[in-house]
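Asks: here is the input, now give the coordinates:
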Amino acid sequence: MNKLTARQQQVFDLVRRAIERSGFPPTRAEIAAELGFSSANSAEEHLRALARKGVIELAAGASRGIRLVPQHDGDTPLRQLTLPHPSLMQLSLPLIGRVAAGSPILAQEHVSQTYACDPALFAHTPDYLLKVRGMSMRDAGILDGDLLAVQKRSEAKDGQIVVARIGDEVTVKRLRRRRGGIELIAENPDYAPIIVDAGSPEFALEGIAVGLIRPTEF
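Replies: Numbering: from 1, shown residues only. Below you'll find the predicted structure:
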């Protein structure tokens, strides 16, 4: 691996921390804001430099399409993988549309179609895609009509973006733990947080967000 400049190392560390914390790589705008770049284009230039040095891969046209490439770790050699034929490197993911009250999110009646996706687009392997409705997560770069890649989980870390069921509604929010329960926080100041008391029978965690796809990419 070519040696990174100090600035490139900052960008790389920011990407790694974001993926470890939330499952999402950051957007170019988030990198620019965090590191004080003048524009998202500056962040893009640093990401392309990191890709040329082989420490990340960029997925063309994919929102948050940044993937870390495994590297040497001390004396442990880089693990080399023999890749299968490209036709075998596809995930077949059900796209979930509107979810009927009280029924499992992966019930067959909720599956509107199935997409073949490149696994490299995602921080962790998803189980399904959920069509986002509304703009409550706008400032996290998740927009109305986006396809959120979701891994089924019954637990989530503080700060992760989750898919949760509140009563009869399924919502995408950022999870924050608080004394006596949790908050589900929107990434849009027009939306108030949802407070959930500990042990509430109205709440169920359906999964965590591990990636995002814009429908125009298909």
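
Asks: remind me, longest helix of this structure?
Replies: Taking DSSP state H as the criterion, the chain has its longest helix at helix 6-22.

Asks: mind listing what's buried in that helix?
Replies: 8, 11-12, 14-15, 18-19, 22 (16 or more other C-beta atoms under 10 Å). All C-beta spots, glycine's among them, are computed from the backbone N, C-alpha and C.

Asks: mind putting the residues you listed into TSV with distance to His124 and pLDDT?
Replies: Below are those laid out as TSV (distance: C-beta to C-beta, whole Å; pLDDT from 0 to 100):
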residue	distance to His124	pLDDT
Gln8	25	92
Val11	21	93
Phe12	19	92
Leu14	19	91
Val15	15	89
Ala18	13	82
Ile19	9	77
Ser22	11	68
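
Asks: will you turn the residues you listed into CSV that also has distance to Gly145?
Replies: Below are the buried residues of helix 6-22 laid out as CSV (distance: C-beta to C-beta, whole Å):
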residue, distance to Gly145
Gln8, 34
Val11, 29
Phe12, 31
Leu14, 28
Val15, 26
Ala18, 23
Ile19, 24
Ser22, 21
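
Asks: so Ser103 touches Glu109, yeah?
Replies: Yes: with contact defined as C-beta atoms under 8 Å, Ser103 and Glu109 form a contacting pair (7.4 Å).

Asks: in space, what's closest to Arg48 - neighbours in sequence excluded?
Replies: Leu58 (7.1 Å; C-beta to C-beta, 6 or more residues apart in numbering).

Asks: alpha carbons of whichever helix or strand comes after the longest helix of the chain, in CSV - could you do that?
Replies: Proceeding N to C from helix 6-22, the next assigned helix or strand is helix 28-35, under DSSP states H and E. The C-alpha coordinates for helix 28-35 follow below in CSV (Å, rounded to 0.1, in the frame of the first residue of the first chain):
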residue,chain,number,x,y,z
ARG,A,28,-18.9,13.7,0.4
ALA,A,29,-20.7,16.6,2.0
GLU,A,30,-20.3,15.1,5.5
ILE,A,31,-16.6,14.5,4.9
ALA,A,32,-16.2,18.1,3.7
ALA,A,33,-18.1,19.5,6.8
GLU,A,34,-16.2,17.3,9.3
LEU,A,35,-12.7,18.1,7.9
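
Asks: sweet, I'm off.
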